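> test case, fold it:
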Amino acid sequence: MLERYTGSPPDLFQKSIILTNFDYYLERFHSLVGDQRTQGSAMGVVHSKSAGVSIVDFSIGSPTAALIIELLSTLDPTAVLLLGMCGGLHRSLKVGDFILPMAAIRDEGASRHFMPAQVPALPTFKIQKFVSQILVEKGLDYRTGVVHTTDYRFWEFDNKFKAQLYEERALAIEMETATLFTAGFASKVPIGALLLVSDLPLRRGGIKTKKSAKAVFRQFTDVQLELGIKSMSEIAERGEHIRHYKW
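Reported below is the predicted structural model:
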């Protein structure tokens, strides 16, 4: 199934893996360090032996997020990192800010198939810790906190839903993080996330458009990708050992 969905046999995958929702990241990764690119029935992949990293574009949404984690669990990866985008909810955030989520609200459907509702969606701490170290070494600021994961695409026009977001005090909103964290925990896949604030949907004129999305790609995403490559290529040597509990 891994090969059918990604076009890559298991032996091509490196031990550290980046996840993304955007083909642009695959193109840039391939131009920077990539060796081989494949396309399966649903996902695209680029592998880099020199960096020891593979990057997977798993598309969008919680169902495909759960799917890619289950597929990657067969590889026993050293570390997996989501390079995602999110809508900034807190008033102090601006477009281009980085968020290292410490937890995610499970307001989507896929994660309930992996863990009971009372289990929190948490990343692998040592991955988040190492990514934060790379950010500091690069002199880049970042925020930590809780993000809200939803499968409700056009929530921006639902006043009741927006009122709920204000009560939660989540930093940002997106569509995959809670699923990845929960499925990763269930499948013993060490996973973290580095999110880029791409829009400010609670502010007047802050909803993402085609024009604003292009501006974000042009201005900010190369930095995010470079951080992801450096983090995943160096975590095996410089990062703390990641171990799993045995049930």
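> tell me the buried residues in stretch 196-214?
Of the residues in stretch 196-214, 196-202, 208, 212 count as buried by neighbour count, 16 or more other CB atoms under 10 Å. Bear in mind the C-beta positions are built from the backbone N, C-alpha and C, glycine included.
> how about residues contacting that stretch?
83-89, 93-99, 156, 162, 165, 172-173, 216, 220-221, 224 (CB atoms under 8 Å, 6 or more residues apart in numbering).
> same thing but at 7 Å, please
With contacts defined as CB atoms under 7 Å, 6 or more residues apart in numbering, stretch 196-214 is touched by 85-89, 93-99, 156, 162, 172, 216, 220-221, 224.
> can I get the buried residues of stretch 196-214 in a markdown table including distance to Ile17?
Listed next are the buried residues of stretch 196-214 as a markdown table, based on distance: CB to CB, whole Å:
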| residue | distance to Ile17 |
| --- | --- |
| Leu196 | 18 |
| Val197 | 23 |
| Ser198 | 22 |
| Asp199 | 27 |
| Leu200 | 30 |
| Pro201 | 29 |
| Leu202 | 33 |
| Lys208 | 27 |
| Ser212 | 29 |
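> quick one on the thing from earlier: of the contacts of stretch 196-214, which belong to strands?
85-88, 98-99, 172 (DSSP state E).
> and the longest helix anywhere in the chain, what's its mean pLDDT?
Scanning the chain for the longest helix, with DSSP state H as the assignment, gives helix 221-238. Per-region confidence: helix 221-238 scores 95 on mean pLDDT.
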